[in-house]
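Novice: Show me the folded form of this:
(2 chains)
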Amino acid sequence: MQQGGNKMSHDAFDRRTTDWYIDKLMQSLVFIGGISAIIFIIGIFVFITMEGMDFVISRLDPVEFFTSEYWFPSDEDDPEFGILALIAGTASVTGLAMLVAIPFALGAAIYVGEFATGKTREYLKVLVELLAAIPSVVWGFIGLSIMNPLIIDVFDVPVGLNILNAGIILGLMAAPIMASIAEDALKAVPDGYREAAEAMGATRWQVIFKVVLPAAKNGLLGAVLLGVGRGFGETMAVLMATGHSVNMPDSIFDSVRALTATIAAELGETAVGSDHYGVLFTIGIFLFLITFLINLTADLIVRGVRKG
Amino acid sequence: MNTTAENVSTQIEHAIHTRSLNLWYGTFQALFDVNLDIKQGIITSLIGPSGCGKSTFLRSVNRINERLGYVRTEGLIEVMGQNVYDENVELVQVRKQVGMVFQRPNPLPISIRDNIIFGHRLHTEGRKPSISEQDDIIEAALRKVLLWDKVKDRLNSKATELSLEEQQKLCIARLLPVKPSVLLMDEPCSALDPKGTEAVEELIWDLRGEYTILIVTHNMAQARRASEECIFMLMGKVIEHTATEAMFVTPEHKETADYIEGRYG
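Specialist: Numbering: from 1, shown residues only, chains lettered A, B, ... in the order given. Okay, here's the model as predicted:
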């Protein structure tokens, strides 16, 4: 008995068991999974840069690119590559979308986070997340078939596919995800603050307005920025609801065209390596940089909240 | 109505008066028939082992318990002669009358200045007090808690940047401009180091007379040195309520004696 025990304890300290190998294997697998996001994002950036770089270096006139409102990329004699109208389209739709989404998202977040209790709260949270999962083409379809005639009817305008339509659709699309993040921000506010304010005699509304919202303002700003990022990047719904015509908008009833939708609609028709192909990738680079910047800022702001 | 209440309150002997107070968290009963008369203008401490209901009792006096949502209360609690659980009671008015200090100092994440004036603003209707009036209020409150000299040059910095001891003093100071008659303190020193504890205890001692102070503590030495009357609770029931000195020298009940001598809890 004793000898057996001794033998056991004589195992060398550097003996590697199957468990040790499994542990190492799993560690490396998880590591690969973890850094794959970085690899993919770099890969994507390298790809669109390579495809677009040729055009950027040899043909691009940055002044024309950003300040001309004429987008005739496939004109054989004198192509024009101005994306100002496209930027205006994307910006106006996103701007209106935020006007629609912010009150909805904030209201939903405050209700779910501060007022709803028990079952109601759980159901609402699930529903909000479900809403975020509706495919964008379905939203686009709603824009085409419901919003379009509705806008024509209500506002007595000839075309219902315009900034208003796309703004509302995009706002409704962005609201759930914004509400979800905004609610996280409200939840991150220590309960001690609420308790302190209530014990001093603040009403529910005063607690929210004077204590919770100010304390959560960075997280809320982050939520809005992520919504903006979503707006810039959204393609299908915007393609379907804006009317997709290159146009410097004067009013919300004008049809516009978005940067993303342009790529989606035109890339299939261009010859690989042509100027048109190159300029579309240049737009891709531009979009990538903008959404990357917006998301990064949002993330930094939200993180700042968690630390502070 | 208001004037009679105020007239009554000046003559009242007991700042807090409870009769057959029973309280449940869901189906769990946390308080059993609590009958207490807490004298006005003195410091009363509440002691007892964890889970004995002392914090629960404290938190039912200003009804902050109700935040939990699953609390049911029966019986009577009168603060300065008015039933806190009356149907017509406005919580805001109860909490104006009854200030509370929590276990963890919880200044709001705003400036020192705004923290002090926060409660005052909630309770002043109509005309906003002018800046100089506010300054006076803030200075008076901070002087009262001996914090003025330390923070007078940085009233606009965040209150959450202060040390824990200073934060807790601030949390006491912010109650004063509202002019409450009762201060509830839920283990106000348990997050502080010995030096901070001493300072805050001294401050509380100085506030007696002007305010009725009810203080929950785990620390028997603190109850002994910092309170005039003492209530011992066990399993949701009040076992003994006498002058602090008497309780620690000649406890009437065996349970009290056992607890004080450290046989449990």
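Novice: Now do stretch B:105-124: distance to the chain's middle.
Specialist: Offset of stretch B:105-124 from its chain centre (Cα atoms, centre = their mean, to the nearest Å): 17 Å.
Novice: got the buried residues for it?
Specialist: Neighbour counts over stretch B:105-124 (16 or more other Cβ atoms under 10 Å in any protein chain shown) mark B:105-123 as buried. C-beta here means a position set from N, CA and C on the backbone, and glycine is covered the same way.
Novice: In contact with the closest residue to B:Pro107 other than its chain neighbours, which residues are there?
Specialist: Excluding the flanking residues, the one nearest B:Pro107 by Cβ to Cβ, 6 or more residues apart in numbering or on different chains is B:Ala159, at 3.7 Å. B:Ala159 is in contact with B:107-112, B:115, B:167, B:170, counting by Cβ atoms under 8 Å, 6 or more residues apart in numbering or on different chains.
Novice: do you know how far B:Ala159 is from A:Phe72?
Specialist: Separation of B:Ala159 from A:Phe72 (Cβ to Cβ, to the nearest Å): 61 Å.
Novice: Sort out for me which of the buried residues of stretch B:105-124 are in strands.
Specialist: Applying DSSP state E to these, no entry is found in strands.
Novice: The residues you listed in helices, which ones?
Specialist: B:112-123 (DSSP state H).
Novice: Return the closest of those residues with respect to chain A.
Specialist: B:Gly119 (4.2 Å; Cβ to the nearest Cβ).
Novice: Who are the contact partners of that closest one?
Specialist: A:200-201, B:99, B:174-175, B:177-178.
Novice: Show the pLDDT at the residue nearest to B:Pro107.
Specialist: For B:Ala159, the pLDDT comes out at 93.
Novice: any idea how far it lies from chain A?
Specialist: Remark: distance between B:Ala159 and chain A (Cβ to the nearest Cβ, to the nearest Å) = 11 Å.
Novice: Could you dump the contacts of B:Gly119 into CSV with neighbour count and distance to A:Asp11 added?
Specialist: Putting the contacts of B:Gly119 into CSV (neighbours: other Cβ atoms under 10 Å in any protein chain shown; distance: Cβ to Cβ, whole Å) gives the following:
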residue, neighbour count, distance to A:Asp11
A:Met200, 28, 65
A:Gly201, 24, 69
B:Gly99, 26, 66
B:Arg174, 28, 65
B:Leu175, 25, 66
B:Pro177, 23, 72
B:Val178, 21, 71
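Novice: Those residues in helices, which ones?
Specialist: Among these, no member falls in helices (criterion: DSSP H).
Novice: ok, so of the residues you listed, who is nearest A:Thr260?
Specialist: Nearest to A:Thr260 among those: A:Met200, at 49.5 Å, using Cβ to Cβ.
Novice: can you pull the pLDDT of the closest one?
Specialist: So A:Met200 comes in at 93 (pLDDT).
Novice: Now do the spatially closest residue to it that is not a sequence neighbour, the pLDDT please.
Specialist: Among residues not flanking A:Met200 along the chain, B:Gly119 sits closest, at 4.2 Å (Cβ to Cβ, 6+ apart). According to the prediction, B:Gly119 has pLDDT 92.
Novice: before we move on, what about B:Thr10?
Specialist: Value for B:Thr10, per-residue pLDDT: 52.
Novice: Need the mean per-residue confidence for the helix or strand harbouring B:Ala223.
Specialist: Taking DSSP states H and E as the criterion, B:Ala223 maps to helix B:220-226. Mean pLDDT, computed over helix B:220-226, is 90.
Novice: Could you list the buried residues of that helix?
Specialist: Buried, per 16+ other Cβ under 10 Å, within helix B:220-226: B:220, B:222-224, B:226.
Novice: out of the residues you listed, who's nearest A:Lys187?
Specialist: B:Gln222 (34.9 Å).
Novice: so where do the strands sit in chain B?
Specialist: B:14-25, B:28-39, B:43-47, B:71-79, B:82-83, B:98-101, B:182-186, B:212-216, B:229-234, B:237-243.
Novice: Please read the previous query as pertaining to chain A.
Specialist: Under DSSP E, chain A gives strands at A:71-72, A:80-81.
Novice: pLDDT score assigned to the nearest residue to B:Thr44 once chain neighbours are set aside?
Specialist: In space, and not counting its chain neighbours, B:Thr44 is closest to B:Glu229: 4.5 Å by Cβ to Cβ, 6+ apart. For B:Glu229, the pLDDT comes out at 95.
Novice: same deal with B:Glu87?
Specialist: 88.
Novice: Would you quantify the distance from B:Leu58 to A:Val138?
Specialist: 54 Å.
Novice: Give me every residue in the stretch 1-150 of chain A lying close to chain B.
Specialist: Contact residues, the stretch 1-150 of chain A versus chain B (Cβ under 8 Å from any Cβ of the partner chain): A:Thr117.
Novice: Walk me through the regions of the stretch 1-150 of chain A where pLDDT falls short of the threshold, as ranges.
Specialist: Applying pLDDT under 70 to the stretch 1-150 of chain A flags the ranges A:1-9.
Novice: Which single residue of it ends up nearest chain B?
Specialist: A:Thr117 (6.0 Å).
Novice: That residue touches B:Gly69, doesn't it?
Specialist: Yes: with contact defined as Cβ atoms under 8 Å, A:Thr117 counts as touching B:Gly69 (6.0 Å).
Novice: interface residues of the stretch 1-150 of chain B facing chain A?
Specialist: Residues of the stretch 1-150 of chain B lying near chain A (Cβ under 8 Å from any Cβ): B:62, B:64, B:67, B:69, B:91-96, B:99-100, B:102, B:104, B:106-110, B:118-119, B:122-123.
Novice: Just the residues contacting stretch A:77-90, thanks.
Specialist: A:59-61, A:64-73, A:163, A:231-232, A:238, A:242, A:246-249, A:256-260, A:262, A:275-276, A:279, A:283, A:286.
Novice: In ChimeraX, select just the buried ones from those.
Specialist: To isolate the buried subset of these in ChimeraX, counting by 16+ other Cβ under 10 Å, use the following:
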select /A:60,65,68,70,71,73,163,231,232,238,242,246,247,249,256,257,258,259,260,262,275,276,279,283,286
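Novice: What distance do you get for A:Gly304 to A:Arg230?
Specialist: A:Gly304 is 21 Å from A:Arg230, by Cβ to Cβ.
Novice: Comparing the two, which residue is more hemmed in?
Specialist: A:Arg230 (23 against 13; other Cβ atoms under 10 Å in any protein chain shown).
Novice: Give me the local confidence score for A:Gly308.
Specialist: 46.
Novice: List just the one of the strands of chain B that sits closest to B:Asp149.
Specialist: Using Cβ to Cβ, these put strand B:98-101 closest to B:Asp149, at 21.6 Å.
Novice: name the helices or strands packed onto the closest one?
Specialist: Packing partners of strand B:98-101 (3 or more Cβ pairs under 8 Å, 6 or more residues apart in numbering or on different chains; DSSP states H and E): helix B:164-173, strand B:182-186.
Novice: Under the pLDDT cut-off, which ranges of chain B? List them.
Specialist: For chain B (pLDDT under 70), the answer is B:1-11, B:265.
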